[in-house]
Each structure stands twice: as C-alpha cells, then as structure tokens.
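>>> The sequence and its predicted three-dimensional model are supplied below.
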Amino acid sequence: MKHESIETNAGLLIVLTLIVISIGGLVEIVPLYFIDSTIEEVKVEGKDTIRPYTPLELRGRDIYQREGCYLCHSQMIRPFRDEKLRYGHYSLAAESKFDHPFQWGSKRTGPDLARVGKKYSNEWHVQHLTAPRSVVKESIMPNYPWLSRNSLQYKDIQDRMRALKMVGVPYSETKAEYEANVKRFGEDVAKNLDIINAEKNLLAQAESGNYDGKPEKLSEMDAVVAYLQVLGTMVDFSKFDEGHFAKFR
Ligand code: HEC
C-alpha cells in the first residue's frame, strides 16, 4: 500500500492512527498492573523517613502557595545528569506523596527548590526573602518584606490538617491513629502529626527553631523558612545504595 493512499483516505488514516496510539497506550499502562506501587518505600531502621509536614511547616507551605512561589520555582529534580549535579539526587515520587496539591511546578524562572532545605542558614533566607538583591545582586525575584511584618495566623491550623487528612495524609485525631503513626514514623514525628496538639506544637517549633531571628514575634517568615528548610531533607541518600530507587522508574 502506498503511503499516499493512507494520507488521502481519512477513514483509513483515523483507524490506523487509533491502532498506533493504542499500542503506545498499552505499553505505558500494562506494566502498571504488574508492580505493587509506583511510590518508593523509604524506610530506615523500619521507620518511614518521609513524613507529613509539622503544623508550622504546613503553614509555611500554605503561604508559599499564597505568594505564588511555585510560578517561578519547581520542586522536582529530573533524573538527568545536569540536574543531579546542580540540585542533588532526583526527586522521588514518595517525597511529594503528602503534598496536596503537589508543588512540582511547571516553570523555572528561579532554581528548583526540591532540595533547598539546609542549603542556606535561616538568616540567609530571611535576608533573601525580604530583599533578594541584597544577597544575589542580579536576582529578579520579588521582595517579600511583609512576611516578617505579618503575624502568623494559626487558629485554623487544625482545620487545615483535617482537610489534608481527608485526602489521605496521616495526621492523627484518635488514639489508634496516633499509635499507628508512632509505629510508622517513630514517636518524635508522631507527636507533631497530632491534630489535637497542633497549636501547641506549632508554637513550640517556632520558638525552638527561631527561624526569623526574632524570638519575640511569630511571623509568617517563621513558617516559610521552616518550610524551606525541610524541603528535600527527609531522605538520607547516604543510607541507600546508588541505584536503589532505579527500579521504580
Ligand atoms: C518572579 C519569579 C520568582 C518568584 C515569584 C519567586 N522567586 Fe525565588 N528566585 C527567583 C530567582 C530568579 C532566583 C535566583 C536568584 C536569587 O537567588 O535570588 C530565586 C531564588 C530563590 C531561592 C534560592 C534558591 C537557591 O538554591 O539558591 C529561594 C529559597 C527562593 N527563591 C524562594 C522563593 C520563595 C519562598 C518565593 C515565594 C515567597 C519565591 N522564591 C518567589 C525567582 C522567583
């Protein structure tokens, strides 16, 4: 059959196109029926190391969304060599399993932030968010001076956690849920996932972390910096062999 006869016969072209697309679809879909999960299991000494955000980090994430940081920053390191050299190990699916909505982003006007946690000091972040050009001269990032000025509103923190619980994030409300979290994440983490004590935990973390450098004030800056400092730090890749996670790709 001549190619021309296919191209000039719309009916035949449609049928053949559908066949080709179906094969492509099957190649992608069928393997999913033969694996248990597309999300990696990341356990160290029997405990999950990827955990939901603490109440303070969660408020930080909400402000990150409110300010539209995701419009310029992705949070997904792709499995390419240049990305690994610049940002570190490629992002695991498991690292965003508790993010609703996920923050992968679609555009990098600024650098990827998936592993920005612990890369800079708290002071650096405060300075940078307040006036980016005072630390990176050529930066085009906007100033966010109000983050330090605004007091952090946290009275609705329990509702925010409950909303995430509804979509599957394991924050606990009952004793049984708490016990399950202790088993899964260890006691220190489980305490921070407890909805009942959320306000108390939020205040305690802000005080001990002193993220904005002003212990007398609980500001939105405290929450945003707490959030930035945890990004990408939950998996200690030195504990896994090179290529350990490759089978999930
Ligand atoms: C208009 C685009 C834009 C927006 C919106 C934006 N940024 Fe940036 N950001 C940049 C650019 C460009 C850089 C690189 C230059 C620099 O460090 O300032 C950057 C750098 C950063 C860095 C340092 C990353 C690194 O690895 O050096 C952090 C952290 C950061 N931004 C956080 C934020 C947060 C938090 C918000 C929201 C409150 C935000 N950005 C909003 C453009 C943006």
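Everything's here; your move.
>>> which stretches of the protein form helices?
Applying DSSP state H to the chain gives helices spanning 3-7, 10-29, 55-66, 81-87, 122-130, 146-149, 157-166, 175-185, 187-192, 198-209, 220-230.
>>> Show me which positions of the second one end up buried.
So that's helix 10-29. The neighbour-count check on helix 10-29 (16 or more other CB atoms under 10 Å) flags nothing as buried. Just so you know, the C-beta spots here come from the backbone N, C-alpha and C atoms, and that holds for glycine as well.
>>> contacting residues for whatever residue of the chain ends up closest to the ligand?
Using CB to the nearest ligand atom, the point where the chain gets nearest to the ligand is Gly110, with a distance of 2.5 Å. Neighbour list for Gly110: 72-73, 141 [criterion: CB atoms under 8 Å, 6 or more residues apart in numbering].
>>> re the thing from before, highest average neighbour count across the helices of the chain?
Ranked by mean neighbour count under mean count of other CB atoms under 10 Å, those are led by helix 220-230, which reaches a mean of 26.
>>> what angle separates that helix from helix 55-66?
Interaxial angle of helix 220-230 relative to helix 55-66 (axes from the mean of the first three to the mean of the last three CA atoms, to 10 degrees): 100 degrees.
>>> Touching, Val169 and His100? I think so.
Yes. In this structure, Val169 is within contact of His100 by CB atoms under 8 Å, at 6.9 Å.
>>> of these two, who's got more company?
Val169 (19 against 14; other CB atoms under 10 Å).
>>> what sits against the more buried one?
Taking CB under 8 Å, 6+ apart as the criterion, Val169 is in contact with 52, 98, 100, 161.
>>> Check what pLDDT it gets.
According to the prediction, Val169 has pLDDT 98.
>>> just Arg249 next, same as before
Confidence score, pLDDT, at Arg249: 66.
>>> How about Ser37?
On pLDDT, Ser37 comes in at 83.
>>> remind me which residues of the chain are low pLDDT?
Low-confidence segments of the chain, defined by pLDDT under 70: 249.
>>> Around the ligand, pick out the residues from the protein.
With CB under 6 Å from any ligand atom as the criterion, the chain comes near the ligand at residues 64, 67-69, 71-73, 109-111, 113, 116, 119, 132, 136, 139-142, 144, 224, 228.
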